[in-house]
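A.B. asks: build me a model:
(one chain, ligands or ions: 1)
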Amino acid sequence: MSVLPVEPLGQSSVIERLAAPHSGPVPFSVEFFPPRSAEEESRLWHAVRVFERMGPAFVSLTYGAGGSTRDRTVRIAGELATSTTLTTVAHLTAVNHSVDELRGLVGAYADKGITNLLALRGDPPGDPLGEWVPHPEGVQYATELVELIGTLGDFHTGVASFPEGHHRAPDLASDTANLVRKLRAGAEYSISQIFFDTDDFLRLRDRVVAADAEQGAKPLIPGIMPITSLQSVRRMVELSGSVLPERVADRLAAAAGDGPEEDRAAVRAVGIDLCTEMSERLIAEGVPCLHFCSLNFARATSEVLERIGVDTRGALAPA
Ligand SMILES: Cc1cc2nc3c(=O)[nH]c(=O)nc-3n(C[C@H](O)[C@H](O)[C@H](O)COP(=O)(O)OP(=O)(O)OC[C@H]3O[C@@H](n4cnc5c(N)ncnc54)[C@H](O)[C@@H]3O)c2cc1C
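C.D. replies: Got it, this is the predicted structure:
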């Protein structure tokens, strides 16, 4: 039995948005994170307004565990959905939540008109690579979250995928089987973890199609980002249990130089080149969308979008 209203709540689904007209060679989408301070919040809204002018297929907002973060995340997601023209995908994780709380959270999103959810297991708070301990009345895997959301009303659910394999999966075959399981459970698409070797993403796509052609036909959206700091990207990659390909690390290190501080301008320039090159290859490979991790900054991603032919309509002008 459905516990939430099932009438259409206003926002298009991600699948509908991917099929809608767009100005560039391929639709694009943007990931934001919930701001932790007033200053971060004003930066977020600036970025949101810049991207809004470029017509992304959708935007997504990540989710962190913890009471105050949760309330802020729900509020910001609601404002994205109601105060902008943007189709909003709210990430949802199982960390520290009972099934009842997860139901409540889905209901809170539905109240704000959000029907697009990204169902994730999440990582242990504080140490993403630490031991995963499910909530005693919660769920163990993202598949169960997809199934739970499916029982709650007319939602459109996406899931995570991992071009290099999830760091807890024993091998790539198990990782692929898990993605297929999540898609069979009702997920309509997946968004990949950030990667820097396009071949990893293309091999994942091949594996999913080989494992299950029907599920493999669902959109597999690559997650990418323009690197603007070598130190930050190294940390990010380490926390996600993946690696920076040597070829990419060498190019960035050469730009960073030998000084005590990395040459941020030179790293940024290489980062934008790398992201543009990846985008062009992914477009040539027929991806359904490019999902940019913006870190709540608009400029670097906008430069990549402009280079690949998205109509940036003055979005790059100084604020
Ligand atoms: C696009 C994207 C967005 C993200 N957004 C967020 C966010 O907003 N907040 C956040 O905290 N984290 C986020 N993450 C990180 C994500 O939560 C972690 O990577 C997490 O470790 C895995 O989540 P999952 O949903 O893929 O988990 P699952 O699909 O549940 O997989 C977790 C592990 O369990 C294994 N597994 C799954 N089912 C089974 C089974 N039946 N038997 C045995 N093993 C199984 C899988 O192979 C995998 O190793 C995001 C990741 C991506 C790629």
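
A.B. asks: for whatever residue of the stretch 201-319 of the chain ends up closest to the ligand, grab phi and psi.
C.D. replies: Using C-beta to the nearest ligand atom, the single residue of the stretch 201-319 of the chain nearest to the ligand is Gly223, 5.2 Å away. C-beta here means a position set from N, CA and C on the backbone, and glycine is covered the same way. Backbone torsions of Gly223, given as degrees, to the nearest 10, read phi -100, psi 120.

A.B. asks: ok, it to Gly259 distance?
C.D. replies: Counting by C-beta to C-beta, to the nearest Å, the separation of Gly223 from Gly259 is 31 Å.

A.B. asks: give me every residue that touches the residue of the stretch 201-319 of the chain closest to the ligand.
C.D. replies: Glu31, Ile191, Ser192, Gln193, Ile194, Phe195, His291, Cys293 (C-beta atoms under 8 Å, 6 or more residues apart in numbering).

A.B. asks: could you pick out which of these are near the ligand?
C.D. replies: Restricting the contacts of Gly223 to those within reach of the ligand (C-beta under 6 Å from any ligand atom) leaves Ile191, Ser192, Gln193.

A.B. asks: okay, and the second one sits in which element?
C.D. replies: Remark: Ser192 resides in strand 189-194, with elements defined by DSSP states H and E.

A.B. asks: adjacent strands (with direction) for that strand?
C.D. replies: Strands adjacent to strand 189-194 in the sheet, as given by DSSP bridges, are strand 156-161 (parallel), strand 220-224 (parallel).

A.B. asks: would you mark the buried spots in the next helix or strand after that strand?
C.D. replies: Using DSSP H and E, the helix or strand that follows strand 189-194 in sequence is helix 198-211. Neighbour-count burial for helix 198-211 flags Thr198, Asp200, Phe201, Leu202, Leu204, Arg205, Arg207, Val208, Ala211 (criterion: 16 or more other C-beta atoms under 10 Å).

A.B. asks: contacts (any at all) between the ligand and helix 198-211?
C.D. replies: No - residues of helix 198-211 are not located near the ligand by C-beta under 6 Å from any ligand atom, the shortest gap being 11.4 Å.

A.B. asks: so that helix versus strand 220-224, what angle?
C.D. replies: 160 degrees (axes from the mean of the first three to the mean of the last three C-alpha atoms, to 10 degrees).

A.B. asks: quick one: which helix or strand includes the closest residue to Gly24 other than its chain neighbours?
C.D. replies: Once flanking residues are discounted, Gly24 sits nearest to Val310: 3.5 Å by C-beta to C-beta, 6 or more residues apart in numbering. Secondary structure from DSSP H and E places Val310 outside every helix and strand.

A.B. asks: Cys293: how many residues sit nearby?
C.D. replies: Cys293: 20 surrounding residues under other C-beta atoms under 10 Å.

A.B. asks: need the contact list for it.
C.D. replies: Glu31, Ile194, Gly223, Ile224, Met225.

A.B. asks: pull out the buried residues from stretch 251-260.
C.D. replies: Neighbour count says stretch 251-260 has Arg251, Leu252, Ala253, Ala255, Ala256 buried, by 16+ other C-beta under 10 Å.

A.B. asks: same thing with stretch 129-142?
C.D. replies: Gly138, Val139, Tyr141, Ala142.

A.B. asks: any idea how far Val50 lies from Asp212?
C.D. replies: From Val50 to Asp212 the distance is 39 Å (C-beta to C-beta).

A.B. asks: quick one: which of those two has more around it?
C.D. replies: Higher neighbour count among Val50 and Asp212: Val50, with 23 against 17, using other C-beta under 10 Å.

A.B. asks: is it correct that the more buried one falls within a strand?
C.D. replies: No - checked against DSSP: H, G, I helix; E, B strand; the rest coil, Val50 lies outside a strand; its state is helix.
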